[in-house]
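Asker: Okay, predicted coordinates and the sequence, questions at the end:
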Amino acid sequence: MNGSGYGEHMEKQEAFGLSTLGQIAITVSDLDKSRAFYGQALGLKPMFAMQHMAFFDCGGVRLMISTPEADFKAGGQPGTVFYFKVASAREAEAQLTARGVRFEKPAHLLAKMGSYDLWMAFFRDPDGQPLALMSEE
């Protein structure tokens, strides 16, 4: 045991683990310039856009570019967020909570996307870097 609480319950729950990235989010200062850069200069396939964000397909992993979100920045600064794709954000949150992970934003329905509902939950690593769970249910 390392004393951090993160490894203390590993023997009981060995079958569960995060492995698949579903989305990576980065903050940008100018959304229009960044949309042109990622879409036109880099040639990433645009997926969809909303008021303060745009999404691109990176070989099955979504890249979200957005202006900074005041309530969930890396250590108070704009940064990168890794979104781990899971079958159920609520079930994964329960598993990780049992291992000592503390969630800032518990699993919640973020959007109804037509063919699925998008669920997310947000937490941080020991250095304060934001991480998230995402599920398409």
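Answerer: Sure, I can see it. Bear in mind that the values here come from a model prediction, so they are computed numbers and not experimental data.

Asker: To what extent is residue 121 buried, counted in neighbours?
Answerer: Number of residues near residue 121 (other CB atoms under 10 Å) recorded here: 26. Every residue, glycine included, has its C-beta placed from N, CA and C.

Asker: The closest residue to it other than its chain neighbours and residue 93, how far apart?
Answerer: Nearest residue to residue 121, sequence neighbours excluded (CB to CB, 6 or more residues apart in numbering): residue 107, at 4.0 Å. Counting by CB to CB, to the nearest Å, the separation of residue 107 from residue 93 is 5 Å.

Asker: Between those two, point out the one with more neighbours.
Answerer: Set residue 107 next to residue 93 and count neighbours by other CB under 10 Å: residue 93 wins out with 24 against 21.

Asker: what about the more buried one, which SS state?
Answerer: Under DSSP: H, G, I helix; E, B strand; the rest coil, residue 93 falls in the helix class.

Asker: and it, what is it in contact with?
Answerer: Residue 93 is in contact with 103, 106-107, 121, 133, counting by CB atoms under 8 Å, 6 or more residues apart in numbering.

Asker: In strands, which of those residues appear?
Answerer: 103, 106-107, 121, 133 (DSSP state E).

Asker: coming back round to it: so which of the contacts of residue 93 comes closest to residue 65?
Answerer: Nearest to residue 65 among those: residue 133, at 20.4 Å, using CB to CB.

Asker: Go ahead and confirm residue 23 touches residue 83.
Answerer: Yes - using CB atoms under 8 Å, residue 23 makes contact with residue 83 at a distance of 3.7 Å.

Asker: So these two - more neighbours on which side?
Answerer: Just comparing residue 23 and residue 83: by other CB under 10 Å the higher neighbour count belongs to residue 83, 22 against 18.

Asker: That one pairs with what?
Answerer: Beta bridges link residue 83 to residue 23, residue 132 when assigned by DSSP bridges.

Asker: likewise residue 118?
Answerer: Bridge pairing for residue 118 - DSSP bridges - gives residue 111, residue 136.
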